[in-house]
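Trainee: only geometry, no sequence info:
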């Protein structure tokens, strides 16, 4: 079937913000990939074949992985995660959705752990894999990269963050700590689950399928996007075509001139 794994988008003619796809497939895909203020690009992303027969037959898989900057080998971990996820999709059946999604995550984790064992130091990456088939969305998530649904001008986060901040929020609800203590905790953003752990205990899987409507957009973001832009700013960018939306997101990120801006990556799929 073939697949796409992308680390950079410069094709010599400026940035390409849209993946060419046959409109008969009923979907358009926009993309965005920037290094920010970091020395290296640790985000990776890709999609399965966009050929008409492939999309109509098996559907399409979108993958995003963010290497953990505080650990070594984040770039290797994210790249391997994307390649492994696409390889699994190409070579396995997705008839039993829940089982396929779970197995693919464990396969990706095994592949990343194996490659990191050959490197000095630890490593890890987040993972979002979104599978769209017959206008239904299924996904699996590990870490704090996010998948959103944009519908009728409203942005809804579908995935759950696997970080210590979620545990702190639960402690606030139970009256164990104050909201101020939770908001100011130095380990708030520390991941509690990520690709590269020997044992994965937290995996977010949506196997029932969300029915997609015409005009819906499925958005995959690394934290360099949602950690910089507000929901309102993201929604404002969604008023345009899929390609121009990607451009507007990047323009807003660059306009903020955020100190230490993280790598930022987005994949956006619109039902047409």
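Mentor: Alright, I've got the coordinates. Predicted model only: the values in this text are computed from it and were never measured.
Trainee: any regions of this protein where pLDDT drops low?
Mentor: Within the chain, the segments meeting pLDDT under 70 span 1-14, 69-72, 118-121, 165.
Trainee: okay, strands next: where are they in it?
Mentor: 3-6, 18-19, 27-34, 43-48, 60-66, 127-133, 136-142, 146-151, 154-157, 204-211, 217-221, 264-271 (DSSP state E).
Trainee: would you turn the ones you listed into JSON lines with distance to residue 198 and mean neighbour count?
Mentor: In this view, the C-beta of every residue, glycine as well, is placed from N, C-alpha and C. Below are these laid out as JSON lines (distance: least, CB to CB, whole Å; neighbours: other CB atoms under 10 Å):
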{"stretch": "strand 3-6", "distance to residue 198": "25", "mean neighbour count": "16"}
{"stretch": "strand 18-19", "distance to residue 198": "35", "mean neighbour count": "19"}
{"stretch": "strand 27-34", "distance to residue 198": "30", "mean neighbour count": "23"}
{"stretch": "strand 43-48", "distance to residue 198": "22", "mean neighbour count": "26"}
{"stretch": "strand 60-66", "distance to residue 198": "18", "mean neighbour count": "28"}
{"stretch": "strand 127-133", "distance to residue 198": "16", "mean neighbour count": "25"}
{"stretch": "strand 136-142", "distance to residue 198": "14", "mean neighbour count": "23"}
{"stretch": "strand 146-151", "distance to residue 198": "25", "mean neighbour count": "20"}
{"stretch": "strand 154-157", "distance to residue 198": "28", "mean neighbour count": "14"}
{"stretch": "strand 204-211", "distance to residue 198": "19", "mean neighbour count": "16"}
{"stretch": "strand 217-221", "distance to residue 198": "26", "mean neighbour count": "24"}
{"stretch": "strand 264-271", "distance to residue 198": "26", "mean neighbour count": "25"}
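Trainee: Throw the ones you listed into a markdown table and include distance to residue 255, thanks.
Mentor: A markdown table is the format used below for the strands of the chain (distance: least, CB to CB, whole Å):
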| stretch | distance to residue 255 |
| --- | --- |
| strand 3-6 | 24 |
| strand 18-19 | 21 |
| strand 27-34 | 13 |
| strand 43-48 | 20 |
| strand 60-66 | 22 |
| strand 127-133 | 26 |
| strand 136-142 | 29 |
| strand 146-151 | 21 |
| strand 154-157 | 20 |
| strand 204-211 | 32 |
| strand 217-221 | 18 |
| strand 264-271 | 13 |
